[in-house]
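Undergrad: mind folding the following:
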Amino acid sequence: MKKLIYIISFFFLASAPAFAGAEDSLWVKANNAYSLGEYANAVDYYRQIEDNGYMSAKLWYNMGNAYYKMQEDGKAILYYERALKLDPANKDVKNNLEIAKLKTLDKIESVPEFILTTWTKDLRNMMSSDKWAWFGVGMFVLTAVLMLLFRHAPKTSQRKLSFILACITMVIALLSFIFSLNLRSRVNNTDAGIVLVPVSNVKSAPNSTGGNLFILHEGTKVEILERVGQWSRIELSDGRQGWIESEDFEEI
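TA: Numbering: from 1, shown residues only. Sure thing, here's the model as predicted:
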């Protein structure tokens, strides 16, 4: 029971406002600069908020928009991807990310996933981490109410129905907490990045003398498989692999 209370408390804390105190002032300044078309200034204010350790889908979405206006498409895609980590159901972020991707040179086809994996991800991405947490809390409360009905219902049929529904809502609550934890853990994952240089040579070995396999351009998303010194072994969504210099990309 103590562990369950701790988990629920974690979700309440995770849902706390993203900004407070001085960051509120920076947020207002950033938004005002953006509305005036001073996108570089807006990015400076947003980055100050980010450097102070605050994160939110709204912050990263706004940074993506500012970078897009500055025609820094790689960084725009980077921050849209970061926003989707926190709020994968955000349609505005998804739409702007797709628009930004249209300007990239590399058009890479993804290897099809196992259909059950796709369905699970689609279900998980229907809500943000915080919304799944609140939904799970609601299902947990409903489970408690149904257990009370099971205990005090006057008829056997009502007790059976209450017990069955309580089992269903408890499973839904547990799945909601799992989805919430999974989405939140993705924020700290550094297994993907966005190429931020105009051209990056992908090599067959982690050194400058390795043979060139193919070329990547700014804005392309890569999965990071391994790191050796200043080099990283990456994989594209179509399955191709190779080594690029780690300074050529930034982690999502």
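
Undergrad: contacts, neighbours, all on C-alpha from now
TA: Fine.

Undergrad: which stretches of the stretch 1-150 of the chain have low pLDDT?
TA: Along the stretch 1-150 of the chain, the model assigns pLDDT under 70 to residues 1-22.

Undergrad: helices of that one, start to end?
TA: Secondary structure of the stretch 1-150 of the chain by DSSP state H, counting those that start in this stretch: the helices cover 2-14, 22-35, 39-51, 57-69, 73-86, 91-101, 115-124, 129-152.

Undergrad: ranking those helices by burial, who's on top?
TA: Per residue and on average, the most neighbours among the helices of the stretch 1-150 of the chain fall to helix 73-86, with a mean of 26 (mean count of other CA atoms under 10 Å).

Undergrad: who does that one touch, helix- and strand-wise?
TA: With contacts defined as 3 or more CA pairs under 8 Å, 6 or more residues apart in numbering; DSSP states H and E, helix 73-86 has these neighbours: helix 57-69, helix 91-101, helix 156-188, strand 192-195.

Undergrad: export those to CSV and tack on distance to Asn31?
TA: As requested, the helices and strands packed on helix 73-86 are arranged in CSV below (distance: least, CA to CA, whole Å):
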stretch, distance to Asn31
helix 57-69, 8
helix 91-101, 17
helix 156-188, 24
strand 192-195, 25
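
Undergrad: now do the same contact list for Glu226.
TA: If you count contacts by CA atoms under 8 Å, 6 or more residues apart in numbering, Glu226 has them with Ser232, Arg233, Ile234.

Undergrad: so it is in which element?
TA: Assigning secondary structure by DSSP states H and E places Glu226 in strand 221-228.
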